[in-house]
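Engineer: A predicted structure for the sequence below; I have some questions about it.
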2 protein chains.
Amino acid sequence: MLKVEKYFEAIGFAGDDLQKILNAFKLEKFKKNDFVVEEGKTSRYMGFVETGMFQYYVIQDGEERTYYVSIENTFFASVLSFISETPSLENVKALVDGSISMISKTNLKMLLNEIPAFKDFYISLLEVTLCGIDASRYDLIVLTAEQRYEKMLKNEPHLLQQIPLQHLASMLAVTPRHLSRIRSKIR
Amino acid sequence: MLKVEKYFEAIGFAGDDLQKILNAFKLEKFKKNDFVVEEGKTSRYMGFVETGMFQYYVIQDGEERTYYVSIENTFFASVLSFISETPSLENVKALVDGSISMISKTNLKMLLNEIPAFKDFYISLLEVTLCGIDASRYDLIVLTAEQRYEKMLKNEPHLLQQIPLQHLASMLAVTPRHLSRIRSKIR
DNA sequence: TTCATTTTTAGACATTTGTCTAGTAGATTG
DNA sequence: CAATCTACTAGACAAATGTCTAAAAATGAA
């Protein structure tokens, strides 16, 4: 059973509505380093991560600058591109083998029109996402790199176990060299 | 005529619906330095800025760290507090005399339930806000302070004319001292 | 206008963070 | 197993940014 199904069941969808929702999603598999979204191309899908981890990044001066990682049981989207239907500024690729239940913008709109409760779900998804990004932006302005690292250590320990430190470093807006310093200081 | 009325007219509301929407808002006036939201108190209102500018900030080590400024003709909200109904982490205060058309969360819910098109408006407000915050977060991670300043110079010149540099500095996540350096370098 | 207050700039120095480089340890592959 | 690759750490130095302070410039009030 797909995780996306469990998710929609858990928030109260059932019967025909649930079936219609699940039909709108299509499972897609990715090998490590496969691209989900490529810079410059408009991303017409969002999705629900079934397995694996997906790294959002841009290439700058030849280096990857990661600024987000999607993990299992969360929604995935290249927000700006998907919502505003403009070419993506970022790449998204699989950090390990994984799979995403993908839904096209067309299907999303269809569900929004046909299932009233789906609109409420979408509103709350947007609200939760908004809070998350807002909090993260707040941290970037208000906290030091060391405080951000400690917060990640406390709130998202799974990231530290699974994601290469070099990627976490750019999520914290520091270099790998500096993250190493922060870690040795805390130890 | 209030700007909030023009706004809702412009996006296609009219007649009874428009009237119901406008009745849900209540104009509130603020003197310079008045608080709209206080840290620690749950913010149960969002609003539409009619006049003035409103600064979002936290106090840290005795200093104000600004991370956003709302201006005329845009929506205002202490996002996290309003959406999740938790005590606000931030203060919002009037930078100059101004006014906001305020709507309570209760009234917002009422409009969402009673006017189908209002739900679509709210979805698109959330989407636009999400894109804005996402882009801003992207900039904080990917751009240097100097690049962020130049972008502000280009995209939001009104801020530079109206908002004290000390506040812009913290929005750019640098000290006033450093912003001064950036400015003198560009000159 | 004059005085007081706030805002902005900038010098001098300290601290933080980045760059470049190299080395080690662990994983992966043939 | 050896060979290679990748991730992580860290030294040495450079650049960016912060702290503290003072003075000039702009703003507001009497």
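Structural biologist: That came through, no problem. Everything numeric here is computed off the predicted structure, so don't read it as measured data.
Engineer: The residue in chain A positioned nearest to chain B: what secondary structure?
Structural biologist: Relative to chain B, the nearest point of chain A is residue A:126 (4.0 Å; CB to the nearest CB). Every residue, glycine included, has its C-beta placed from N, CA and C. At residue A:126 the chain is in helix, as set by DSSP: H, G, I helix; E, B strand; the rest coil.
Engineer: For it, give its distance to residue A:89.
Structural biologist: According to CB to CB, to the nearest Å, residue A:126 and residue A:89 sit 20 Å apart.
Engineer: How about the secondary structure of the nearest residue to residue A:3 once chain neighbours are set aside?
Structural biologist: Nearest residue to residue A:3, sequence neighbours excluded (CB to CB, 6 or more residues apart in numbering or on different chains): residue A:50, at 5.1 Å. Counting by three-state DSSP, the backbone at residue A:50 sits in strand.
Engineer: Run through the residues that contact residue A:50.
Structural biologist: Residue A:50 is in contact with A:2, A:3, A:4, A:27, A:72, A:98, A:99, A:100, A:101, counting by CB atoms under 8 Å, 6 or more residues apart in numbering or on different chains.
Engineer: cool, residue A:60 as well?
Structural biologist: Applying CB under 8 Å, 6+ apart, the residues near residue A:60 are residue B:142.
Engineer: partners of it in the sheet?
Structural biologist: residue A:63 (DSSP bridges).
Engineer: Would you mark the buried spots in stretch A:131-149?
Structural biologist: Under the neighbour-count criterion of 16 or more other CB atoms under 10 Å in any protein chain shown, stretch A:131-149 has A:131, A:133-134, A:136-143, A:145-146, A:148-149 buried.
Engineer: typo on my end, it should be stretch A:55-74
Structural biologist: A:55, A:56, A:57, A:58, A:65, A:66, A:67, A:68, A:69, A:70, A:71, A:74.
Engineer: for stretch A:22-42, same thing?
Structural biologist: Within stretch A:22-42, judged by 16+ other CB under 10 Å, the buried ones are A:22, A:24, A:25, A:30, A:36, A:37, A:39.
Engineer: Present those as CSV; the columns should include secondary structure and distance to DNA strand D.
Structural biologist: Compiled in CSV, the buried residues of stretch A:22-42 are given as follows (DSSP: H, G, I helix; E, B strand; the rest coil; distance: CB to the nearest atom of the strand, whole Å):
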residue, secondary structure, distance to DNA strand D
A:22, helix, 35
A:24, helix, 35
A:25, strand, 30
A:30, strand, 17
A:36, strand, 18
A:37, strand, 20
A:39, coil, 20
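Engineer: The most centrally placed residue in chain A and residue A:106, how far apart?
Structural biologist: Nearest residue to the geometric centre of chain A (CA atoms, centre = their mean): residue A:70, 3.3 Å. Using CB to CB, residue A:70 is found at 22 Å from residue A:106.
Engineer: same thing with residue A:183?
Structural biologist: From residue A:183 over to residue A:106 (counting by CB to CB), the distance is 45 Å.
Engineer: got it, and residue A:87?
Structural biologist: 18 Å.
Engineer: next one: residue A:78
Structural biologist: 16 Å.
Engineer: Please say which of those two ends up with more neighbours.
Structural biologist: residue A:78 (25 against 10; other CB atoms under 10 Å in any protein chain shown).
Engineer: And the helices in chain A?
Structural biologist: When assigned using DSSP state H, the helices of chain A occupy the ranges A:3-10, A:15-24, A:79-84, A:105-114, A:116-142, A:145-155, A:157-162, A:165-171, A:176-186.
Engineer: Put the alpha carbons of the first one into CSV.
Structural biologist: C-alpha atoms of helix A:3-10 as CSV (Å, rounded to 0.1, in the frame of the first residue of the first chain):
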residue,chain,number,x,y,z
LYS,A,3,2.2,5.9,1.7
VAL,A,4,0.2,8.5,-0.1
GLU,A,5,-2.9,6.4,0.4
LYS,A,6,-2.3,6.0,4.1
TYR,A,7,-1.8,9.7,4.3
PHE,A,8,-5.1,10.6,2.7
GLU,A,9,-6.9,8.0,4.7
ALA,A,10,-5.5,9.3,7.9
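Engineer: one step back: so which of the helices of chain A gets nearest residue B:17?
Structural biologist: Nearest to residue B:17, of all the helices of chain A, is helix A:116-142, at 17.2 Å by CB to CB.
Engineer: Can you name the residues of chain A that neighbour DNA strand D?
Structural biologist: Residues of chain A that fall close to DNA strand D, judged by CB under 7 Å from any atom of the strand: A:164, A:165, A:166, A:176, A:177, A:179, A:180, A:181, A:183, A:184.
Engineer: Isn't the second one up against residue A:178?
Structural biologist: No. Proximity of residue A:165 to residue A:178 does not meet the contact threshold set by CB atoms under 8 Å, at 11.0 Å.
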